[in-house]
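>>> Sequence and predicted structure, then a few things I'm wondering about:
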Amino acid sequence: MRWISALALLLVTLQPVEGSDPIIAARVRAEFLHAWRAYEQYAWGHDELRPLAKTPRDWHGSESLLMTPVDALDTMLIMGLDAEAKKATELIVAKLSFDKDIEVKNFEITIRILGGLLSAYQMTHDERLLKLADDLGARLLPVFDSPTGMPYMYVNLKTGKTRGAKSNPAEIGTLILEFGTLAKLTGKPVYYDKAKNALVQMYKRRSKLGLVGEEIDVETGKWVSPQSHVGGGIDSYYEYLLKCARLFGDKDCQSMWETSVRAMNRHLADQAPSGFWYAQVDMNTGRRTASEFGALHAFLPAVLAMGGDLKRAQKLQDSCFKMWMLAGIEPEVLDYRKMTIVHAGYQLRPEIVESAYYLWRDTKDPRYLEQGRAFFDALVKYCRTENGYTILKSVVTKEQGDLQHSFFLAETLKYLYLMFAPERDLGVFNTEAHPLR
Ligand code: DMJ
C-alpha cells in the first residue's frame, strides 16, 4: 500500500497553487495531509494524536471534544481539502456534544472549539455548526459570574460549576472575538457584553505605568503576581485589544490598545546587544526582573504590524529569527542578554510563523519568505514522524517528544500555507488562527 500513499502525496504536491511560492504551498498542504491522515488512522474521534505511540490523547479523561477536527476544519477549507472537511464536519455534527460532566478550561475551549466552530460556520453556512457554538457559549457563560465579572478559569459543562479564581490577563482577555462573533451571529448580546466587561475590568486594573501583571484574583480583583511581560499568560490580552477594535470597530478597545501598546513599548521593550526584545519587569516600578523571550512571545511582531508599527515589528521579527536559528529550530525560552537557551523544548508552536506571515503580507520583503522556508524545512527535518508531526523535548539534542498539538493543524501549517499561497482576505484571525468576519 505504500506506493499508493506515495502516489497520493505526489498528486497533491503537484496540484497547481498560484501564489508567492506555489511549490512550497503545495508541499505544506501535503504535510498537512500527512498530519491529518495520521490523526484519522490512530486517533479518530479523539482530541489529539500521540504520533510515536500511535495512540490518541484526550484532554478530559475518556471524554473527547474533538479538538483536532474542530481546530483543523477551517484549515482544510482554506486549503481546498473538501472531502476531508466534509468528513470532519460529519464527525463533529454526529459526535460532538457539550452535555458532559467535565470541567473545561474556558480559555482553551473558547479559542479552539468556539473559535473553530464559528469560523467554519462562517465559511460554510452550515447551521449545525452555529447551533453547536451557541450551545457551547451558553455552557461557558457561568464563568463570568464572579464578583468582578472577570471569568473563572474552569467551568463544568453540565453543571455550570466554576473553579479557579486565580487567573491571568490572557485567559481573562482572550474571549471577545469568539463571544462577540457568537453574539452577532445569534442576536444574543449577552455574549458580547460579558466578554467585553471582562476585558474592561482587566484593563482597569493596570498599574500606574499602564502595565498588567501575570496573575490576578478574579474575586478580589487584586494582583497575585506583578510580573509584567508579553509572554504566556499575558500575550493574547494585548492581541485581543487590537483585534476587538478591528473586528467590531469597538472604540473602547481601540483606545485600550493604544494606551497599552504605549506602555508596553515604554517599559518592556529592550534594545540589547543581541537585538530588540521585550523583557520582564515589575508592573508597578518598571524594574527589569528578567530578560527572557520565547516561542510564545513571538506573536508580537504580528500584532505590532497589525497596529501599524512596522518598524518595531520588523526589528523584533529579526530577533525572533535569530532565536530560531540558534539551534536550527525554536526553543521555548531564551535568555536574550546571554543568548542561552532556558527551556529547550519545541511545542510545534505557530507564533513566529504567524509573525512572518503578517510581515510578508504587509511589506512583501522576501526575507519573510526565506524565514518561512527555514521554518518549514526545520519542521520537516526535526518534527516529522512516520505518522504525523511531533514536539521536541530539546531543540539542542533534537530528541522528539510524543504529541501532535491540535494548534499545529489549526495555526502552524495554516500560516505557513497562507504565506506561500495566493493572497486573500480571510478576516480577523483569533489567537488560534480561526478567521472571523
Ligand atoms: C495556541 O493555543 C494559541 O496560539 C494560544 O494563543 C497560545 N498557545 C497556543 C500556541 O502556541
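Right, received. Where do you want to start? These figures come from a predicted structure and were not determined experimentally.
>>> can you give me the strands for the stretch 301-437 of the chain?
333-335, 340-343, 384-385, 388-389, 428-429, 435-436 (DSSP state E, counting those that start in this stretch).
>>> Single out the most deeply packed of those.
strand 388-389 (a mean of 27; mean count of other CB atoms under 10 Å). From N, CA and C alone the C-beta is placed, and that goes for glycine too.
>>> That strand: partners in the sheet, and parallel or antiparallel?
If you go by DSSP bridges, strand 388-389 pairs up with strand 384-385 (antiparallel).
>>> Any regions of the stretch 251-400 of the chain where pLDDT drops low?
Nowhere does the stretch 251-400 of the chain drop to pLDDT under 70.
>>> what does it put close to the ligand?
Contacts of the stretch 251-400 of the chain with the ligand, taken as CB under 6 Å from any ligand atom, map to 296, 349, 350, 351.
>>> farthest pair in those?
296 and 350 (10.2 Å; CB to CB).
>>> more crowded one of these two?
residue 350 (26 against 22; other CB atoms under 10 Å).
>>> The more buried one against residue 433, yeah?
Yes. Counting by CB atoms under 8 Å, residue 350 does reach residue 433; the two are 6.7 Å apart.
>>> Could you name every residue contacting both of those two?
Listed as contacting both residue 350 and residue 433 by CB atoms under 8 Å, 6 or more residues apart in numbering are 407, 411, 414, 415.
>>> buried set for the strand or helix carrying residue 40?
Using DSSP states H and E, residue 40 sits in helix 22-43. By neighbour count on 16 or more other CB atoms under 10 Å, the buried set for helix 22-43 is 24-40, 42-43.
>>> do stretch 178-198 as well
For stretch 178-198, the neighbour count (16+ other CB under 10 Å) marks 178-186, 188, 191-192, 194-198 as buried.
>>> who's in contact with residue 368?
Counting by CB under 8 Å, 6+ apart, residue 368 touches 317, 356, 357, 359, 360, 419.
>>> Residue 198 sits in which helix or strand?
Element membership for residue 198 (DSSP H and E) is helix 189-204.
>>> wait, does whichever strand or helix holds residue 107 make contact with the ligand?
For residue 107, the host element (DSSP H and E) is helix 106-109. No. Shown here: helix 106-109 not in contact with the ligand (CB under 6 Å from any ligand atom), separated by at least 6.9 Å.
>>> name the helices or strands packed onto that helix?
Packing partners of helix 106-109 (3 or more CB pairs under 8 Å, 6 or more residues apart in numbering; DSSP states H and E): helix 127-140, helix 169-173.
>>> tell me the mean pLDDT over the next helix or strand along the chain from the first one?
Read in the C-terminal direction, the helix or strand following helix 127-140 is strand 154-156, with elements assigned using DSSP H and E. The average pLDDT within strand 154-156 is 99.
>>> ok now strand 154-156, how far from the chain's centre?
21 Å (CA atoms, centre = their mean, to the nearest Å).
>>> again with stretch 201-216
On CA atoms, centre = their mean, the centre of stretch 201-216 falls 22 Å from that of its chain.
>>> and what of stretch 210-227?
Offset of stretch 210-227 from its chain centre (CA atoms, centre = their mean): 23 Å.
>>> Next: stretch 131-151.
Taking the mean of its C-alpha atoms, stretch 131-151 sits 20 Å from the chain's own mean (CA atoms, centre = their mean).
>>> Provide a list of residues in contact with the residue nearest to residue 227 when sequence neighbours are not counted.
Nearest-residue entry for residue 227: residue 214, 4.1 Å, with adjacent residues in sequence omitted and distances by CB to CB, 6 or more residues apart in numbering. By CB under 8 Å, 6+ apart, the contact list for residue 214 reads 168, 169, 225, 226, 227, 228, 229, 233, 234.
>>> Out of the residues you listed, which is nearest to residue 248?
Nearest to residue 248 among the contacts of residue 214 is residue 169, at 19.6 Å by CB to CB.
>>> Can you get me a residue count around residue 82?
Residue 82 has 10 neighbouring residues, counting by other CB under 10 Å.
>>> before we move on, what about residue 386?
Using other CB under 10 Å, the number of residues around residue 386 comes to 9.
>>> Need the per-residue pLDDT for the residue of the stretch 51-200 of the chain found nearest the ligand.
Across the stretch 51-200 of the chain, no residue is closer to the ligand than residue 111, which sits at 6.0 Å (CB to the nearest ligand atom). Listed pLDDT for residue 111 reads 99.
>>> ok, so what distance separates the nearest residue to it once chain neighbours are set aside from residue 168?
Spatially, and ignoring its direct neighbours in sequence, residue 111 is nearest to residue 432 (4.2 Å; CB to CB, 6+ apart). Taking CB to CB, to the nearest Å as the measure, residue 432 falls 17 Å from residue 168.
>>> The two: which has the busier surroundings?
Comparing residue 432 with residue 168 by other CB under 10 Å, the one with more neighbours is residue 432, at 27 against 24.
>>> What residues does the more buried one make contact with?
Contacts of residue 432 by CB under 8 Å, 6+ apart are 71, 111, 112, 115, 116, 407, 410, 411.
>>> which element is residue 120 on?
Residue 120 belongs to helix 115-124, assigned by DSSP H and E.
>>> Many thanks, have a good one.
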